[in-house]
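Show me the folded form of this:
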Amino acid sequence: MSADWLLPALREVMNTPHRHQVFAVDRYQTTADQPNVFTASGHAVAAQAQVTYQQASGTCRFIGPNLHTVFLDGVLSGGFKKAVDGVQQYTNIWQVNQASNSKIARLLIKEMERETDVEKTSPVRNGIISAADATAFMDARNRSLYHIISTSLKFRLSAVLGLAFSLSAVMTVLYGAMSLLHRNTPSAMAGNEGYIGLFALAHNPDSVVAAFMLPLQSLINSVAQRGDYWPLACWGLVALVFNRMVLPLLAPKVWRWTEGHLLRAIVLAVPGILLLNLFMALHPSGYVVLRFTELMPDIRLTGALGRTTQWLITYVPQIFALSLVVALLRYKAAGMHWGRRQLRMLLQKRDVAGYLSLIK
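Okay, the predicted model is just below:
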C-alpha cells in the first residue's frame, strides 16, 4: 500500500463482482476468539505508467492481474475520443449509433439511464474520461433523440419509400393468398385480368366497386336473413390478422391503443373488415368467398414455377405502385415508422414505446 492511490482503488474494486480477479488471498486465520470474525491477508498486483494521447499526458494506473484501469487523469482513450467527435453530427443517427458502440460509451449510456450527473458515472469517477467530454457526448445524443421526436411527422422521402416497401410486402402476401383461394370470377366483376391495385381501378372501376359491394352484401345477408354467423367469424378472423400486419404501418397510434389488448383487437376487427375488403377489391379476381369451408388453395404443381414467375413480374410492380401512393398519403405514419427505427438504433433497444408517445 505504498502508493497513495492503491488503497482507494482497491476499496472500490472490492465492491465489484470482479474482486476475485484483483485481490488474491495468501493466508487466512483458521481460529479466532470471535466465531463470526474471518481474517485473511493477500496481495493485489498493480502498475503505473505515463500515458500521452493527442498532446495530453496523464498517469495511467492499473490494478489486478488483468490490469483493470482505475485512473487516467482524464486522458481520453482513443475509442471515446472518436465517439465524442462522431456524435457531433447528431442528425446522422447511423453515425451516432456507430460512435456509441465503444465499451466506454456503452457503459456511460447505461449508467446515465439511472444517473442524472455524469460525474457519478464510473468512467468519469475513475478518471478514464473527463466530465466535460462525457457531458458533450450525452448532450449530442440527447440532441439526436430530440431531432427524431421533433421531425418524425415531417415529410421525408426515405421514410415514405421505407413504408412503401414494408406495405408492398404485406400486400404481396394478401394478393398472393387471394390468387390461390379464388375460384370463379362473377361476370359482374370481369375485365381486370392482368391489373391490380390502382391499375385495376383505372382500367375497370365498375369491377372494383362491384368487388367491394358484393362480399359485404353477401355477409350482411348471411347474418341478417339466414342467421349464419360463420362468415362473419371468418371475416373477423382474417381482418384481425390483416390489422396486425397493416395497422402498425398505416395507423401506428391506433395500433398502440390495440397492442396487447385482445378485446380491443377483436372490436377493431369489425371496422377492419371494410379496410380489408377495400384492398381485396383491387385484386384481379375481385372476389374470394371468405367462408371456412371455402378456404382451400388451388395448387397445381404443373407449370407452377412459370405461373409464379409471371405473377411476380406482372403484379409485384403494380403492388409497389399502390403501396407507394398509400405511403405518400400516409406520410405521417411513414415518419412514425422511420422514427421507430431510428429510436431503436439510437437507444440500442427494441422497446421504444415510451418515446413514441412523445411524437405528436
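
Number of residues surrounding residue 250?
Residue 250 has 21 neighbours, counted by other C-beta atoms under 10 Å. C-beta coordinates here come from the backbone N, C-alpha and C atoms, glycine included.

Find the least confident helix or strand in the chain, judged by mean pLDDT.
Taking mean pLDDT, DSSP states H and E as the measure, the helix or strand of the chain with the lowest value is strand 68-71, at a mean of 66.

Quick one: name whatever helix or strand follows that strand.
Following the chain from strand 68-71 toward its C-terminal end, the next helix or strand by DSSP states H and E is helix 78-86.

quick one: average pLDDT of that next one?
Over the span of helix 78-86, the pLDDT mean works out to 78.

contacts for it?
Residues from elsewhere that reach helix 78-86, judged by C-beta atoms under 8 Å, 6 or more residues apart in numbering: 53-54, 76, 95-96, 98-100, 102-105, 123, 128-129, 133, 136-137, 140.

Check which helices and strands whichever helix or strand comes after that helix sits against.
Toward the C-terminus, helix 78-86 is succeeded by helix 93-99 as the next helix or strand (DSSP H and E). Using 3 or more C-beta pairs under 8 Å, 6 or more residues apart in numbering; DSSP states H and E as the contact criterion, the neighbours of helix 93-99 among helices and strands are helix 78-86, helix 131-151, helix 331-347.

could you check the angle helix 131-151 makes with the helix or strand following helix 93-99?
Note on helix 93-99: by DSSP H and E, the next helix or strand toward the C-terminus is helix 103-112. Going by axes from the mean of the first three to the mean of the last three C-alpha atoms, to 10 degrees, helix 103-112 is angled at 70 degrees with respect to helix 131-151.

Flag every buried residue along helix 103-112.
Within helix 103-112, the residues that qualify as buried are 104, 105, 108, 109, 111, 112, counting by 16 or more other C-beta atoms under 10 Å.

Kindly report the same for stretch 43-51.
44, 46.

Work out the gap between that stretch and the centre of the chain.
Averaged C-alpha coordinates place stretch 43-51 at 44 Å from its chain's average position (C-alpha atoms, centre = their mean, to the nearest Å).

and if you look at stretch 102-109?
When distances are taken as C-alpha atoms, centre = their mean, stretch 102-109 is centred 21 Å away from the chain's centroid.

contacts for that stretch?
Identification of contacts with stretch 102-109 by C-beta under 8 Å, 6+ apart yields 77, 79-80, 82-83, 99-100, 118, 121-124, 128-129, 134, 137-138, 141, 348.
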